[in-house]
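After the sequence you'll find the predicted model.
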Amino acid sequence: MTVMKLTKEHYKDAMKLSEYAFKYKVPEEKVEERLELMDKHHQLYGIFSGEELAAKLHLLPLEVYIGGRTVKMGGVAGVATYPEYRRSGFVREMLTDLLETMKNEGYTISMLHPFSVPFYRKYGWELFSSYLKASLKSESLVMKKQDLGTVKRHAGKDGHSEEIEKVYDQFASRFSGMLKRETRWWQQSIYSDDTYAAVYYNENGAAEGYLLYAVKDSKMTVEEFVPLTTSARTGLWNFICQHDSMIKDLEITTFESDPLFYSLKEPRIKAEVTPYFMARIVDAAAFLRNYEFASQERTVLTIKDEYAHWNNGTYEITDGNVTKTDAEKSEISLSINALTAALLGYKRPSDLYEIGEMEGSEEAAIRLERLIPERKSFFYDFF
């Protein structure tokens, strides 16, 4: 079987395959817009059976924050196969081919939203982000002591501003894995028709936080809660509380360790943590060399990667420098999955060592623990 890069003449066939596999229909008035999006912002790859497109996937050329730096990220989306061709190895072939394509094009990491975690784990993708969804009743909306800041409300796309983008970028750089959003992405992927934005400004008029939310059927849904400061967190919370006469229920999606809920007058709320997105280091050598380690200690890692052979081998990390070596003696041995989870901050090396996802001495695991910053992973987006 041969994986081909699809061209414009195949885009309608790819759209039809998506409609069949994901059980939806693109409205007729949106077809040209969808085709233009594929042409300008996606790379499509597929496998044909005779003249028919049997399987396909989309590569989205994106960037993500790993701490304060950004790296090229290959977003994998729209993976689909017609049922008569399933279990024929088509997806395995496309993913293996795509990994090599991404490496050759300078992507060091890839991300996707899985239909099945075990399925993508086989190919080296690993969970890297969870989100917390908190559900509160209106009686929980108790305001905090107000400061001198103000909140201004804007209507969705029309109210989008460079200020919101700058606040998001500062927030995103505190985590590993957050998408670097272009203005186009905000307009096409973030706002829906009923989305409002509320921006918090400090007493000097500088934007320090925002909410994206919707109110419908007596329920307020906060899709993004993004404060940069304590004052912003308080100001945005108080803005939410001002809706107490309009809503019966409040739902907020945020990162797992957000301290907001601990600070509530009654913190015993319903809060559910859900594993969400998966990531995979595509080029281990390049990723490690661009990584900001937390210390200058030395360690030697052996990485195992069944589907990206160039990652297999032993790597020496000394004073922040990374060298791929022929040395046989390794201190820690781990899969590309475990390496991804550790370097993005989803699981600490000590946790991975404790559950057998990392082999070697406990002392070496502790050294690796000190090398990796205490930075949390998070992801707000979807593709």
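Right, received. Where do you want to start?

What helices and strands are in contact with the helix or strand containing Ile303?
Using DSSP states H and E, Ile303 sits in strand 299-304. Contacts defined by 3 or more C-beta pairs under 8 Å, 6 or more residues apart in numbering; DSSP states H and E place strand 299-304 against strand 313-318, strand 332-335, helix 336-343, helix 362-371. C-beta: built from backbone N, CA, C; applies to glycine.

Specify the stretch among those that is closest to Val167.
helix 336-343 (26.3 Å; C-beta to C-beta).

tell me the angle the strand holding Ile303 makes with helix 336-343.
140 degrees (axes from the mean of the first three to the mean of the last three C-alpha atoms, to 10 degrees).

So what are the sheet partners of strand 299-304 and their directions?
Applying DSSP bridges, strand 299-304 is found paired with strand 313-318 (antiparallel), strand 332-335 (parallel).

thinking again about what came up before, for my notes, please list the helices and strands packed on strand 299-304 in TSV and give distance to Gly106, mean neighbour count and mean pLDDT for each entry.
Shown next, in TSV, are those (distance: least, C-beta to C-beta, whole Å; neighbours: other C-beta atoms under 10 Å; pLDDT from 0 to 100):
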stretch	distance to Gly106	mean neighbour count	mean pLDDT
strand 313-318	19	18	95
strand 332-335	23	21	97
helix 336-343	18	25	98
helix 362-371	25	17	94
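
who touches Thr101 in this structure?
Listed by C-beta atoms under 8 Å, 6 or more residues apart in numbering, the contact set of Thr101 reads Tyr45, Leu59.

one more time with 10 Å
Val3, Lys5, Gln43, Tyr45, Leu59, Gly74, Tyr107, Val282 (C-beta atoms under 10 Å, 6 or more residues apart in numbering).

Among those, which one sits closest to Gln242?
Gly74 (42.2 Å).

Next one: that closest one from Arg121, what distance?
According to C-beta to C-beta, to the nearest Å, Gly74 and Arg121 sit 18 Å apart.

The two: who's more crowded?
Gly74 (24 against 16; other C-beta atoms under 10 Å).

How far away from the center of its chain is the helix or strand where the more buried one lies?
Assessed by DSSP H and E, Gly74 sits inside strand 69-81. Put simply, strand 69-81 sits 10 Å off its chain's centre (C-alpha atoms, centre = their mean, to the nearest Å).

Ok, stretch 339-347 next?
For stretch 339-347, the distance to the chain centre is 13 Å (C-alpha atoms, centre = their mean).
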